[in-house]
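**Q** how would this look folded up:
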Amino acid sequence: MNKSSCSMVFILSCERSGSTMLRYIIDTHSKIACPGHLYLGSLCESLNRTLMGSVAQTLAEANKEAQQDFIVIETRKIIHNIMDSYIEAKGKQIWCEKTPMNLDHLSLLETHFPEAKYICLYRHCMDVVNSSINLSKFR
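**A** Residues are numbered from 1 along each chain as shown. As a prediction, the model looks like this:
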């Protein structure tokens, strides 16, 4: 599979909603690698900030739109390099990311990965509360 055409999936959920169980199930698929929390939304935000404050500034003749395009392309390359190495090592073709905090970075992820697919995991709010309370009993 051409690495640049690699497929990606983001699981959108809140904490304590069953995303870890879903991740383990998805990871058993022969073509999909689904590691634990990678915080790719936060990584996109940090890389954007770093690139804007450094390399993009060297594009003096470029307008803001060209700088933004450059930032998106470079951030995408960095993340694809990381994830392509991961799925290659796992012998798979698709990566799936499950960090709940990605919900806070959804528009950024959509900008950087417009071809991505999403799984929206919903758990009734009272079950999430119950799970959180039960978890806190053991801390």
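**Q** just for the chain, where's the confidence low?
**A** 1-6, 60, 138-139 (pLDDT under 70).
**Q** buried residues in the one helix or strand residue 132 maps to?
**A** Using DSSP states H and E, residue 132 sits in helix 125-136. Buried residues in helix 125-136, counting neighbours by 16 or more other Cβ atoms under 10 Å, are found at residue 128. For glycine as for every other residue, the C-beta is placed from the backbone atoms N, C-alpha and C.
**Q** cool, stretch 15-24 as well?
**A** For stretch 15-24, burial by neighbour count (16+ other Cβ under 10 Å) applies to 16, 17, 18, 19, 22, 23.
**Q** Excluding chain neighbours, what is closest to the residue nearest the centre of the chain?
**A** Geometric centre of the chain, nearest residue: residue 40, 3.9 Å, by Cα atoms, centre = their mean. Distance criterion Cβ to Cβ, 6 or more residues apart in numbering; nearest residue to residue 40, sequence neighbours excluded, is residue 97 at 5.2 Å.
**Q** centre of the chain versus stretch 27-39, how much separation?
**A** Mean-position distance between stretch 27-39 and its chain equals 11 Å (Cα atoms, centre = their mean, to the nearest Å).
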